[in-house]
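S.K.: could you work out the structure for the sequence below:
(one chain, ligands or ions: 1)
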Amino acid sequence: MIVITGATGQLGRLVIQSLLRSVPASQIVAAVRSPEKAQDLGALGVVVRQADYTQPATLRAAFAGADKLLLISSNELGQRAAQHRAAIDAAKEAGVKLIAYTSVLHADTSVLGLAGEHRETEALLKDSGLPFVLLRNGWYTENYTASVPTALAHGALLGSAGAGRIASAARADYADAAAAVLTQDAQIGRAGQVYELAGDTAYTLADLAAEVAKQSGKPVVYNDMPEAQYKAALVGFGLPEAIAGLLSDSDAGAAKGALFDDGRALSRLIGRPTTTLAASVTAALAG
Ligand SMILES: NC(=O)c1ccc[n+]([C@@H]2O[C@H](COP(=O)([O-])OP(=O)(O)OC[C@H]3O[C@@H](n4cnc5c(N)ncnc54)[C@H](OP(=O)(O)O)[C@@H]3O)[C@@H](O)[C@H]2O)c1
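M.R.: As a prediction, this is how the structure comes out:
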């Protein structure tokens, strides 16, 4: 049995799609906060169980019989370390044999504000005594291509990443990596492995603006601004303060290289090149 938490999230759904290529649906458990959102997964034969990080009893029941557990980090910023602790405790009680956890690129040294909760979770995993694998995921390219419609509307892509090089990859690439660790030979899924996962090629936000301009045939330039000004602009576009702060902090981190890695562990793990920036822009323009 392979159990996936956050299975109704964007990454979780892609992991399940990837697993279904090699694992019978009846051996996959979608552990989800809201089972009503997982009816389509149930229709595929995937086992759906309720698992809310804030309700430990649901976690213990959801993880029962699991050989491997993919703990997809929660999106409830500020609550995550406590939520992940509950999941790790439940995994231990349920006798899970291996946990893979979606951390962040270079979690141990990252300057990103969001890395703190990942560091805490990695420490909890080490203290738990459970065998674990760290999937230190870099940035999703979709985080940036989500801005393509706004950039086209204004002729400018805003950010505060300066000339920082960003080695992002598509969510589907990280999902395939998680599926590989959960299903492939013992060497790849060996306990103690730490995978620094990032795209094969890196780009600056000026490169991204140029790619959008090239593919759309419309003028788009990159407009770099100080972190506080970028945050204010995002709030002005209607983003909640916390999300705006997270994005601007991440851009400031990117300027210092926090989203860069050239180890190519991701493409080695998935056995193919990572999705190119050009392909991600094409997908974003197609809507
Ligand atoms: N690498 C990156 O660039 C990047 C970017 C953004 C986020 N992340 C991290 O990677 C994770 C996965 O990414 P994603 O794109 O799949 O995010 P997502 O679509 O927001 O999915 C997050 C998942 O967490 C689940 N969740 C939240 N609170 C929960 C709770 N109390 N109990 C159980 N499940 C809970 C959500 O459940 P529901 O489906 O019920 O809402 C959802 O399935 C995120 O949660 C975040 O930690 C990484």
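S.K.: going by C-alpha atoms from here, please, whenever you check contacts or count neighbours.
M.R.: Will do.
S.K.: for the residue in the stretch 151-287 of the chain positioned nearest to the ligand, phi and psi?
M.R.: When scored by CA to the nearest ligand atom, the stretch 151-287 of the chain has residue 171 as its residue closest to the ligand, at 7.2 Å. Dihedral pair for residue 171: phi -50, psi -40, per degrees, to the nearest 10.
S.K.: got a pLDDT number for it?
M.R.: Residue 171 is assigned a pLDDT of 98 by the prediction.
S.K.: please verify my assumption that it contacts residue 138.
M.R.: No: Residue 171 is not in contact with residue 138 according to CA atoms under 8 Å; the separation is 9.8 Å.
S.K.: same drill for those two, tell me which one is more crowded.
M.R.: Using other CA atoms under 10 Å as the criterion, residue 171 and residue 138 rank with residue 138 on top: 28 against 22.
S.K.: which residues in the protein form helices?
M.R.: 10-19, 39-43, 56-63, 80-94, 115-128, 141-145, 148-154, 171-183, 205-216, 227-236, 241-255, 265-270, 277-285 (DSSP state H).
S.K.: out of those, deepest packed?
M.R.: Highest mean neighbour count of the helices of the chain: helix 171-183, a mean of 24 (counted as mean count of other CA atoms under 10 Å).
S.K.: show me what that one is packed against.
M.R.: helix 10-19, strand 68-71, strand 98-104, helix 265-270 (3 or more CA pairs under 8 Å, 6 or more residues apart in numbering; DSSP states H and E).
S.K.: what residues does the stretch 51-200 of the chain put near the ligand?
M.R.: Taking CA under 6 Å from any ligand atom, the part of the stretch 51-200 of the chain that reaches the ligand is made up of 51-54, 72-76, 137-140.
S.K.: in strands, which of those fall?
M.R.: residue 137 (DSSP state E).
S.K.: only the buried subset of the residues of the stretch 51-200 of the chain next to the ligand, as a PyMOL command please.
M.R.: PyMOL command restricting those to the buried ones, with burial defined by 16 or more other CA atoms under 10 Å:
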select buried, resi 51+52+53+54+72+73+74+137+138+139+140
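S.K.: which non-adjacent residue is nearest residue 12?
M.R.: With CA to CA, 6 or more residues apart in numbering as the criterion, residue 12 has its nearest non-adjacent residue at 5.6 Å, and that residue is residue 6.
S.K.: what about the one you found, how many residues nearby?
M.R.: Count around residue 6 with other CA under 10 Å applied: 24.
S.K.: correct me, but it touches residue 33?
M.R.: Yes: applying CA under 8 Å as the test, residue 6 and residue 33 come out as touching, 7.2 Å apart.
S.K.: ok so, going back, mind giving me a markdown table with the helices and strands packed on helix 171-183 and columns for mean pLDDT and distance to residue 239?
M.R.: Listed next are these as a markdown table, based on pLDDT from 0 to 100; distance: least, CA to CA, whole Å:
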| stretch | mean pLDDT | distance to residue 239 |
| --- | --- | --- |
| helix 10-19 | 98 | 19 |
| strand 68-71 | 98 | 27 |
| strand 98-104 | 97 | 23 |
| helix 265-270 | 97 | 31 |
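S.K.: ok so, going back, for the residue nearest to residue 12, which residues are in contact?
M.R.: 12, 30, 31, 32, 33, 71, 72, 73, 74 (CA atoms under 8 Å, 6 or more residues apart in numbering).
S.K.: need the contact list for the nearest residue to the last one once chain neighbours are set aside.
M.R.: Counting by CA to CA, 6+ apart, residue 80 is the residue found nearest to residue 74 once chain neighbours are left out, at 5.9 Å. Applying CA under 8 Å, 6+ apart, we find residue 80 in contact with 73, 74, 117.
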